[in-house]
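Undergrad: Provide a 3D model corresponding to the input given below.
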Amino acid sequence: MNENVKTLNKLITNIFYDLTDIEKKMFSQGKFNDLSLSEIRTIQAIGMKAPRKMSQVAMVLKITVGTLTISINRLVKKGYVRRFKTEEDRRIVMVDLTEQGKLVYQTHEKFHYEIIENMVSTLNENEQKMLIQSLENICYFFKSK
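TA: Next up, the predicted model:
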């Protein structure tokens, strides 16, 4: 195996695990310590805009609606999400964030921006542009699979 491939594999794996660990620590020690990382990602997928269909949220998370239902049930019980049916078609289940859910969303967004700001603060403008281009190429690769 090529040394560059070995190095990239190690770096990407470490970044993924380190970021996950930092997120877990941040939320387990804060006021939202009743949330799992999976539940936080569900809150992110619901978003701050208009209510979303359960099927839309499931597509974003790349899970089944049945799997999402389990997570939504927990989040409704904990007071982070509101679930309701539309008046036009009672079969369609919608979800949106409560005020508490919106606070989790904003806290998580702020966390990510702070991580990125700290990370790129050591890079000059040209290095930042190269990093962006490289990550866009990687994203494109994964989306095409």
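
Undergrad: Next, name the residue at the spatial heart of the chain.
TA: Note on the chain: the residue nearest the mean C-alpha position is Arg41, at 3.9 Å, using CA atoms, centre = their mean.

Undergrad: list the contacts for the closest residue to that residue other than its chain neighbours?
TA: Nearest residue to Arg41, sequence neighbours excluded (CB to CB, 6 or more residues apart in numbering): Leu61, at 6.7 Å. C-betas here are computed from N, CA, C, even on glycine. Neighbouring residues of Leu61 by CB atoms under 8 Å, 6 or more residues apart in numbering: 41-42, 45, 68.

Undergrad: By neighbour count, which of those wins?
TA: Thr42 (25 neighbours; other CB atoms under 10 Å).

Undergrad: just to confirm, which helix or strand has that residue in it?
TA: helix 37-46 (DSSP states H and E).

Undergrad: So which elements touch that helix?
TA: Helices and strands touching helix 37-46, by 3 or more CB pairs under 8 Å, 6 or more residues apart in numbering; DSSP states H and E, are helix 3-29, helix 54-61, helix 65-78, strand 81-85, strand 93-97, helix 99-120.

Undergrad: Now those in TSV, please, with extra columns for mean pLDDT and distance to Leu131.
TA: Formatted as TSV, the helices and strands packed on helix 37-46 follow (pLDDT from 0 to 100; distance: least, CB to CB, whole Å):
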stretch	mean pLDDT	distance to Leu131
helix 3-29	90	12
helix 54-61	96	25
helix 65-78	97	33
strand 81-85	96	35
strand 93-97	97	32
helix 99-120	94	7
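
Undergrad: Just send those back as TSV, with distance to Gln128 too.
TA: Listed next are the helices and strands packed on helix 37-46 as TSV, based on distance: least, CB to CB, whole Å:
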stretch	distance to Gln128
helix 3-29	17
helix 54-61	27
helix 65-78	35
strand 81-85	36
strand 93-97	32
helix 99-120	5
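
Undergrad: For Leu37, find the nearest of these.
TA: Comparison of those against Leu37 by CB to CB identifies helix 3-29 as nearest, at 5.8 Å.

Undergrad: which parts of the closest one are buried?
TA: Buried residues in helix 3-29, counted by 16 or more other CB atoms under 10 Å: 23, 26-27.
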